[in-house]
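K.L.:
missing the sequence, but the structure's below:
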């Protein structure tokens, strides 16, 4: 969410149809659901997905939006506020919400 507006995560992020390859962290559609599918169990931080997507996410910036005196980034995991930002581990069926908003 950016200033109250939903941001669409593109379909097929992390999937290369030309090379028939798929990253362990990817999307299939634009629903916002991020798939973590690997042959071994790993702790996958949210930052991994943003690197694959080619976007920035940390405690000071989300996409092109930077924290300043008037704006903040709030991260919730299943409705509970967390302060792990890009280090938040992606887990199956959890809801990670990242919001850039006015303070």
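P.N.:
Arrived safely. Since this is a predicted model, take the numbers as computed values, not measurements. Residues are numbered from 1 along each chain as shown.

K.L.:
centre of the chain to stretch 59-68, how far?
P.N.:
Using C-alpha atoms, centre = their mean, to the nearest Å, the distance from the centre of stretch 59-68 to the centre of the chain it belongs to is 13 Å.

K.L.:
now that stretch: average pLDDT?
P.N.:
Predicted confidence along stretch 59-68 averages 97 (mean pLDDT).

K.L.:
can you pull the buried residues of that stretch?
P.N.:
Residues 61, 62, 65 are the ones in stretch 59-68 that count as buried (16 or more other C-beta atoms under 10 Å). (Glycine included, C-beta is placed from N, CA and C.)

K.L.:
list of residues touching the least confident helix or strand in the chain by mean pLDDT?
P.N.:
For the chain, using mean pLDDT, DSSP states H and E, the weakest element among its helices and strands is strand 21-22, scoring a mean of 82. Strand 21-22 is contacted from outside by 14, 15, 16, 37, using C-beta atoms under 8 Å, 6 or more residues apart in numbering.

K.L.:
so how many other residues sit close to the first one?
P.N.:
Here the neighbour count serves as a burial measure; for residue 14 (other C-beta atoms under 10 Å) it reads 21.

K.L.:
quick one: the closest residue to it other than its chain neighbours from residue 79, how far?
P.N.:
With sequence-adjacent residues excluded and distances taken as C-beta to C-beta, 6 or more residues apart in numbering, residue 14 is closest to residue 26, at 3.0 Å. Relative to residue 79, residue 26 is positioned 25 Å away (criterion: C-beta to C-beta, to the nearest Å).
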